[in-house]
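# Provided below are the primary sequence and the corresponding predicted coordinates.
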Amino acid sequence: MMDTREDILAAIKTIMVELFELDADDITLDARLYEDLDFDSIDAIDMIVRLKEMTGKAVKPENFKTARTIGDVVEAVYSMLHTGIQT
């Protein structure tokens with residue numbers, strides 16, 4: 001279960017190492033997706049699909065449009081997982 005930002009970061013690192021063969025040490029909260037990690041829009045879609053599989057939540061690409069860093073992605077996933085939970 002991805003309850004904390006640390007859990008989410010770990011999951012994102014796993015995805016990025018597996019899918020994009022990136023070095024885990026390069027995947028920091030401050031790493032810029034496009035400039036530092038050489039991401040493109042296809043990579044972003046692949047990552048969103050994997051996040052959807054891992055979280056079981058409907059991941060909307062528009063939630064990630066403003067994401068520029070790994071930290072932004074962590075925050076987007078965190079807020080997605082923690083909205084609408086109240087009963």
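Sure, I can see it.
# what about residue 35, neighbour count?
10 (other Cβ atoms under 10 Å). For the C-beta atoms, the positions are set from N, CA and C on the backbone; glycine is no exception.
# could I get the pLDDT score of it?
Residue 35 carries a pLDDT value of 95.
# now it, what's its secondary structure?
Per DSSP: H, G, I helix; E, B strand; the rest coil, the local secondary structure of residue 35 is coil.
# identify each buried residue in the helix or strand of the chain with the lowest mean pLDDT, please.
Lowest by mean pLDDT, DSSP states H and E among the helices and strands of the chain is helix 41-55, with a mean of 88. Residues 43-44, 46-48, 50-51, 54-55 are the ones in helix 41-55 that count as buried (16 or more other Cβ atoms under 10 Å).
# between these, which is nearest residue 70?
residue 47 (10.5 Å; Cβ to Cβ).
# shouldn't that closest one be in contact with residue 13?
No: the pair residue 47 / residue 13 is not scored as a contact, 11.5 Å apart, by Cβ atoms under 8 Å.
# got a markdown table for the buried residues of helix 41-55, with distance to residue 37 too?
A markdown table is the format used below for the buried residues of helix 41-55 (distance: Cβ to Cβ, whole Å):
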| residue | distance to residue 37 |
| --- | --- |
| 43 | 8 |
| 44 | 11 |
| 46 | 13 |
| 47 | 10 |
| 48 | 15 |
| 50 | 15 |
| 51 | 16 |
| 54 | 19 |
| 55 | 21 |
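# quick one: residue 58 is in a helix?
No: under three-state DSSP, residue 58 sits outside any helix and is assigned coil.
# check contacts around residue 76.
Each residue near residue 76 by Cβ atoms under 8 Å, 6 or more residues apart in numbering is listed here: 63-64, 67.
# so which of the residues you listed sits lowest on pLDDT?
Among those, residue 63 has the weakest pLDDT, 79.
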